[in-house]
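Trainee: coords please:
(chains A and B)
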Amino acid sequence: MIQAPRGTRNFPPDEMAYRRWAEGIMRRNAELFGYGEVSTPAFESLELFTLKSGPGIIDEIYAFKDKGGRDLALRPELTAPVMRMVVNSMRSAPKPIKLFYLGNCFRYDRPQSGRYREFFQFGVEVISAGTPAADAEIIALAIKNIRDLGLEDFRVKIGHIGVLRGLISGLEKGVQTSVLQALDREEYDSLSSMVSDDVAGRLLNLIRLKGDASVLDSLGDEAAHLRKVMEHLSLYGYEKYCTIDMSVVRGLDYYTGMVFEIEAPILGAEKQICGGGAYSLAKLLGGGDLPSTGFAIGFDRVLLALEKAGKRPEIPSRVIYLLRAGNVPSNEMVKLAADLRNSGIAVDFPLADKSLSKGMKYASAMRYPHVVIMGEDEWKDGKITLRDMSTGKQETLSVEDLIARFS
RNA sequence: GCCGGGGUGGGGUAGUGGUAUCCUAUGGGACUGUGGAUCCUUCGACCCGGGUUCAAUUCCCGGUCCCGGCCCCA
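Mentor: Next up, the predicted model:
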């Protein structure tokens, strides 16, 4: 028996229905915010991913040579590919460019709860904006997505990596990275070996700032941007989910300004379901300097959180099941199915002779909401019996009425 | 890459040094208009490889996959 590779999954129909439902919510919301969907290749030049993170990440991605000797990689994330697309072919698009995407990504990681080798990300990017309004819109869209799925227990932590960088801008580039890494991993003790006591103290004071917008008061003008972001978020009505947390440091070095993370505590160790912020990546890829903001939602993790919270919805079927009774010819059933399908009505019928009771059983097991019985008596008059499977109620109606009801 | 716990039909399980229990699901039938029930029946499993043994699903070693944790998390 051949198994799916480690860290990958199969999605049977009920699972896909659930996923498509969630996708639909996120797609509609992105469109409500004026974003357009894009798609990029599943594999890219390896260099696209080593550019910003160094060759070290090759250990963590699926990298390979193709038959022409090219160094390629399955995409480990979608921000860089989308930015590559922007730089390649959307340079003269009207600004700002607002894009969203949903796609599979691949990482060579140890699988565990909520972590797979093939996983799915939903993300958005607003390119060439960089304003508080853009940052706030991105956070608001992330929140709306998560909330509209039905998840209630989550929190948004908003920080600003630019303020942190300002404190250490005088240091060597390598040291800056080490400091940010230490802060990201919450290894605060190691700071003293990298920077002066004075700087370490100011860093520690800064990352202690947590709470509502009033904690920004102590930062003065540096925090004007974040104050405006928070103001916008309350206009969206989302202030209750958001807290300022200056200790939020995203792992990537291309983040430049506002950064945020969303956590679902119910998930335990792998609780982060969304991350994003303001970044400058286009320049690295050979484009102009395009201040951008984006986020990526861990699609699988959000769905996992929903399930753990008992909020996974039943996705109802809309298929009508056709059955014959008496001596109605099977060709007439096929013809009726074709007519209904041409009217946009989802229809299924037995592909082999099946007794009425077996047919009912099948319809029930498939959770079809309605069965149409083409009984000999009513079919003589061009009518059918419509059975509501949840109530068991039946009525006799003409094919025209049936089409009118469901199309 | 590291540590720990696991792996018995499609799903869920019982049990054992002499190849295996039950439930459920699936296929067929009883039953040719409503029988989504009931009953009968078929199919179907000891993760893989090596070792010990007369004999391994059981014991040992390695691998693999799953679960949890560490590292990492662009």
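Trainee: residues from the stretch 251-400 of chain A in reach of RNA strand B?
Mentor: By CB under 7 Å from any atom of the strand, the part of the stretch 251-400 of chain A that sits against RNA strand B consists of A:251-252, A:268-270, A:275, A:325-326, A:352, A:355-358, A:360-362, A:364-365, A:373, A:375-379, A:385, A:387-390, A:392, A:394. C-beta coordinates here come from the backbone N, C-alpha and C atoms, glycine included.
Trainee: What subset of the residues you listed is buried?
Mentor: Neighbour-count burial (16 or more other CB atoms under 10 Å) is assigned, among those, to A:252, A:270, A:275, A:325, A:360, A:362, A:373, A:375, A:378-379, A:385, A:387, A:389.
Trainee: Quickly note the distance from the residue lying closest to residue A:379 once chain neighbours are set aside to residue A:380.
Mentor: Closest residue to residue A:379 apart from its sequence neighbours, by CB to CB, 6 or more residues apart in numbering: residue A:328 at 5.2 Å. Counting by CB to CB, to the nearest Å, the gap from residue A:328 to residue A:380 is 9 Å.
Trainee: then the lowest-mean-pLDDT helix or strand in chain A to CSV, C-alphas only?
Mentor: In chain A, no helix or strand scores lower on mean pLDDT, DSSP states H and E than helix A:173-184, which sits at a mean of 79. The C-alpha coordinates for helix A:173-184 follow below in CSV (Å, rounded to 0.1, in the frame of the first residue of the first chain):
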residue,chain,number,x,y,z
LYS,A,173,24.1,44.7,10.6
GLY,A,174,25.0,41.2,11.9
VAL,A,175,24.5,42.3,15.5
GLN,A,176,21.2,43.9,14.7
THR,A,177,20.0,40.6,13.3
SER,A,178,21.2,38.7,16.3
VAL,A,179,19.4,41.1,18.6
LEU,A,180,16.2,40.8,16.8
GLN,A,181,16.5,37.0,16.7
ALA,A,182,17.1,37.0,20.5
LEU,A,183,14.0,39.2,21.0
ASP,A,184,11.9,36.9,18.7
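Trainee: same for that helix, what does it pack against?
Mentor: In this structure, helix A:173-184 packs against helix A:161-168, helix A:197-207, with contacts taken as 3 or more CB pairs under 8 Å, 6 or more residues apart in numbering; DSSP states H and E.
Trainee: So what's the gap between the shortest one and the chain middle?
Mentor: For helix A:161-168, the separation from the chain centroid amounts to 29 Å (computed by CA atoms, centre = their mean, to the nearest Å).
Trainee: What lies in contact with that helix?
Mentor: Contact with helix A:161-168 is made by A:175-176, A:179-180, A:183, A:195, A:199, A:202-203, A:206-207, A:219, A:222-223, A:246, A:248-250, A:255-259, A:277-278, as judged by CB atoms under 8 Å, 6 or more residues apart in numbering.
Trainee: ok, the residue nearest to residue A:379 touching residue A:376?
Mentor: Yes: Residue A:328 is within contact range of residue A:376, at 5.6 Å (criterion: CB atoms under 8 Å).
Trainee: Please name the nearest non-neighbouring residue to residue A:324.
Mentor: Nearest non-adjacent residue to residue A:324, counting by CB to CB, 6+ apart: residue A:374, 5.0 Å away.
Trainee: Kindly report the same for residue A:169.
Mentor: The shortest distance from residue A:169 to any non-neighbouring residue, by CB to CB, 6+ apart, is to residue A:176 (7.6 Å).
Trainee: tell me the contacts of that neighbour?
Mentor: Neighbour list for residue A:176: A:165, A:168, A:169 [criterion: CB under 8 Å, 6+ apart].
Trainee: In CSV, list the buried ones among the residues of the stretch 251-400 of chain A next to RNA strand B along with pLDDT.
Mentor: Listed next are these as CSV, based on pLDDT from 0 to 100:
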residue, pLDDT
A:252, 69
A:270, 78
A:275, 92
A:325, 89
A:360, 91
A:362, 92
A:373, 94
A:375, 91
A:378, 91
A:379, 92
A:385, 93
A:387, 94
A:389, 92
